[in-house]
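Please find the sequence and the predicted model below.
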Amino acid sequence: MINKHNISRDEIAEAMKSEFGFNRKLCLDIVNDIIEIIIEGLQSDNTVKIHNFGTFKLNNKKSRIGRNPKTKKEYN
């Protein structure tokens, strides 16, 4: 299994392929479908709970000024 904090869709699909023996395209389609379902749930309810997995929530934050560290130019 993969032990990383950040993981790509391709890495998830590859892990599914290794674990279950499905072809890569099917695994990638499944991953994309799951992510799309989560996005749709967030858009409608701002929260998606997946039992025994976790909760996805949208957090609204105040905007802040960004700065280019090299030029010190500010961006809104």
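It's in.

by contact count, what packs against the strand or helix carrying residue 39?
Per DSSP states H and E: residue 39 is located in helix 24-45. The helices and strands touching helix 24-45, judged by 3 or more CB pairs under 8 Å, 6 or more residues apart in numbering; DSSP states H and E, are helix 9-20, strand 47-50, strand 54-57. Every C-beta, even on glycine, is put in place using the N, C-alpha and C of the backbone.

and the first one, average pLDDT?
Mean pLDDT, taken over the full extent of helix 9-20, equals 95.

and what of stretch 60-76?
Stretch 60-76 shows a mean pLDDT of 90.

what about it, how long is it end to end?
16 Å (CA to CA, to the nearest Å).

can you give me how far it is from the chain middle?
Distance, stretch centre to chain centre, for stretch 60-76: 24 Å (CA atoms, centre = their mean, to the nearest Å).

same thing with stretch 34-42?
Distance of stretch 34-42 from its chain centroid, counting by CA atoms, centre = their mean, is 10 Å.

now swap in stretch 54-66 and tell me
Mean C-alpha position of stretch 54-66 versus that of the full chain (CA atoms, centre = their mean) differs by 14 Å.

residues making contact with it?
For stretch 54-66, the surrounding residues in contact (CB atoms under 8 Å, 6 or more residues apart in numbering) are 38, 41-42, 46-50, 74-76.
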